[in-house]
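>>> Please find the sequence and the predicted model below.
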Amino acid sequence: MTSRHSLRAIALVFLSALPVAAESQPPAKSNISLLEYGARFDGVTDDTEAWKRAIKDALSGPWGAVIKVPAGRSVVSETLVVEITGNEGLAINGEGADISEIIWTKPVDGIRVELVDGSASTRDEGGTGAKFKMSGVSLIQGTPFVKVDTTDPVPAGSTQLHLATTEGLQPGMHIDSFCQRMSNIPQTATIARIIDDKTVELTEKTTGPMPERVRRGEELTTENKALYEIVFVQYAGTALSIRGRSNQQLGVEPPELMISDVSIHGGSGGSALTAGSCWRDGIVLKDQTTLRITDTAIRFSRVSPVGTGITISGDRSKSRLVSDHHLENVRIQWGEVGISVCNGDANFEGLMIMNSTIVGSRRAGILADNGGSYSGQLTVTGCHINAGEAAIKTNGILEVGLCNNYIIAGHSPSPRPLAVGFDFKNTASMTITGNLFNFNPANPAGGWGIIVDCDEKWGGRTIPAVIANNSIFNPPTGGLSFRNHATNILVNGNSIVTAGKPVEVAGTAKVNVGINQINGEMVTGLEKK
């Protein structure tokens with residue numbers, strides 16, 4: 001029979017064998033307040049160190065930690081790096097876009113996230129893969145724009161300018177400059193470099209017309225300098241960049257990304273006098289799966305639009321599966337490209353864009369280029385797209401469905417005056433229905449409503465394509481153009497108003513043209529009914 005003293009001795013021995021380190025460490029928190037780390041959110045104090053400590057503690061705590069972002073403006077001067085490995089998960093939750101704001105005061109990337117899926121984990125049970133979620137915040141590139149006056153006479157064609165004020169400029173900085181009239185109309189754009197605290201060197205020749213007085217060879221003197229000013233717009237990096245590094249283990253859930261109620265500001269949408277600094281890109285996603293972006297707004301500078309709103313890409317060296325992308329209620333203003341999916345030889349699966357607005361894109365509203373893979377599905381429905389060169393442009397996408405979209409082409413500034421509503425290259429299995437196209441008829445190089453162009457390897461394919469019940473108004477060159485080996489296409493029930501050629505079938509293209517309304521008259525095939 002075991003005595004009471006023996007049981008006590010056994011218990012003491014057992015307890016002495018337990019680790020005591022856990023008792024000396026405070027329990028990890030799953031909800032982290034930035035205010036507890038010293039962040040002020042007053043729009044003045046630099047909160048960078050508070051952010052870095054909060055991110056470190058969040059990733060060392062339980063799976064699924066949340067960083068709480070209070071109302072106010074947090075000033076940050078460095079790139080915030082988040083490395084999520086194993087089964088870690090992190091969420092950054094604010095009080096709402098334009099309520100909880102993060103502003104970067106230097107030209108750096110905003111938030112850079114590294115996701116690693118499938119590695120062995122020692123995290124708390126319940127983690128099923130690396131995840132990152134962000135909601136209710138604004139990401140702002142906040143280096144103030146600079147308006148400066150010249151101090152000395154500036155001859156036409158000068159390669160250097162001497163400035164009276166240089167607040168916010170740093171030696172070696174490369175920026176875009178705009179020399180303009182006070183009537184808010186930009187007259188010229190060129191690349192400039194700050195030499196010292198008073199001198200700006202123009203590193204490229206002016207590409208646009210100089211103001212009248214300077215263009216005629218006259219000098220911009222101190223007396224009339226009030227008529228002119230130089231506006232500098234500085235470009236930073238990417239507001240939010242996320243890379244999913246995969247080890248491709250079977251049976252492992254891939255990284256997951258969710259972005260909602262997020263606003264990314266990159267400069268003003270007004271005239272050059274109100275222009276600000278801007279991000280070079282909004283959101284860049286590499287090797288990322290299971291993506292959902294909702295209720296998100298991205299705005300670039302209207303004065304000199306650059307960059308891409310949302311970029312999705314895959315790593316061809318890893319044959320990375322890029323799939324399950326869902327974008328809804330997204331608004332992108334200005335920039336070179338609104339949404340870009342360019343995956344090289346990666347296996348691009350699918351992208352769905354719904355109820356979104358993409359306006360002012362110089363090159364393309366949506367660009368989907370799968371290179372030599374010839375795979376993938378693109379669905380765009382209920383969207384408003386306004387672009388200078390092409391509203392939607394694809395290459396190597398097998399399945400495309402574009403329904404009930406409002407398309408404006410040629411009204412935004414574009415590197416090329418040619419405007420195309422939908423431009424398909426090597427794209428089959430198309431369902432293009434219920435779209436409304438509107439064009440700027442003044443484009444000197446013209447433009448088409450829809451172009452379908454397939455190279456020789458696509459000849460003889462039996463994949464169907466339907467273009468029906470679309471309204472195409474005022475394309476300068478023509479309505480529909482089918483080129484080379486475009487085959488098995490049905491065109492029916494469309495309304496086309498154009499001074500050019502309503503339907504063009506060129507090369508070896510084979511198109512079944514049904515009954516369409518051409519310039520107000522019903523036409524069967526290519527002949528009047």
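Everything's here; your move.
>>> drop to CA atoms for contacts and neighbour counts, all remaining ones
Will do.
>>> pLDDT-wise, which helix or strand of this protein ranks last?
helix 21-24 (a mean of 34; mean pLDDT, DSSP states H and E).
>>> Check which element follows that helix along the chain.
Next along the chain after helix 21-24, taking DSSP states H and E as the criterion, comes strand 31-33.
>>> buried residues in that next one?
Buried residues in strand 31-33, defined by neighbour count with 16 or more other Cα atoms under 10 Å: 32, 33.
>>> so what secondary structure elements neighbour the helix or strand that it is followed by?
Downstream of strand 31-33, the next assigned helix or strand under DSSP H and E is strand 42-46. Applying 3 or more Cα pairs under 8 Å, 6 or more residues apart in numbering; DSSP states H and E, one finds that strand 42-46 contacts strand 72-76.
>>> Which other helices and strands does the strand it packs on contact?
For strand 72-76, the packing partners by 3+ Cα pairs under 8 Å, 6+ apart come out as strand 42-46, strand 100-104.
>>> what lines up beside it in the sheet?
strand 42-46 (parallel), strand 100-104 (parallel) (DSSP bridges).
>>> shaky segments in the stretch 401-529 of the chain?
Along the stretch 401-529 of the chain, the parts satisfying pLDDT under 70 run over 412-417, 441-445, 458-463, 527-529.
>>> ok, now with 50
The model of the stretch 401-529 of the chain has pLDDT under 50 over residues 529.
>>> Burial-wise, tell me which of the helices and strands packed on strand 72-76 comes out on top.
Compared across these, strand 100-104 shows the largest average neighbour count, a mean of 23 (mean count of other Cα atoms under 10 Å).
>>> The helix or strand following that one: partners in the sheet, and parallel or antiparallel?
Per DSSP H and E, strand 100-104 leads on to strand 111-117 as the next helix or strand towards the C-terminus. In the sheet, strand 111-117 lines up against strand 80-84 (parallel), strand 238-246 (parallel) (DSSP bridges).
>>> and the angle for the helix or strand following the longest one with strand 100-104?
Proceeding N to C from strand 238-246, the next assigned helix or strand is strand 256-265, under DSSP H and E. For the pair strand 256-265 and strand 100-104, the angle between their directions (axes from the mean of the first three to the mean of the last three Cα atoms, to 10 degrees) equals 70 degrees.
>>> What are the boundaries of the helices in this protein?
Assigned by DSSP state H, the chain shows helices spanning 4-16, 21-24, 48-60, 212-215.
>>> Ranked by average pLDDT, which of the ones you listed falls at the bottom?
When those are ranked by mean pLDDT, helix 21-24 comes last with a mean of 34.
>>> Any stretches of the stretch 1-150 of the chain with poor pLDDT?
Low-confidence segments of the stretch 1-150 of the chain (pLDDT under 50): 1-2, 4-5, 7-27, 118-127.
>>> didn't residue 330 look like it was pressed against residue 297?
Yes: assessed by Cα atoms under 8 Å, residue 330 is found in contact with residue 297 at 5.8 Å.
>>> So what's the residue count around residue 457?
Residues near residue 457, counting by other Cα atoms under 10 Å, number 9.
>>> Please read the previous query as pertaining to residue 90.
23.
>>> I'd like the distance between residue 71 and residue 295.
Distance of residue 71 to residue 295, computed by Cα to Cα, to the nearest Å: 19 Å.
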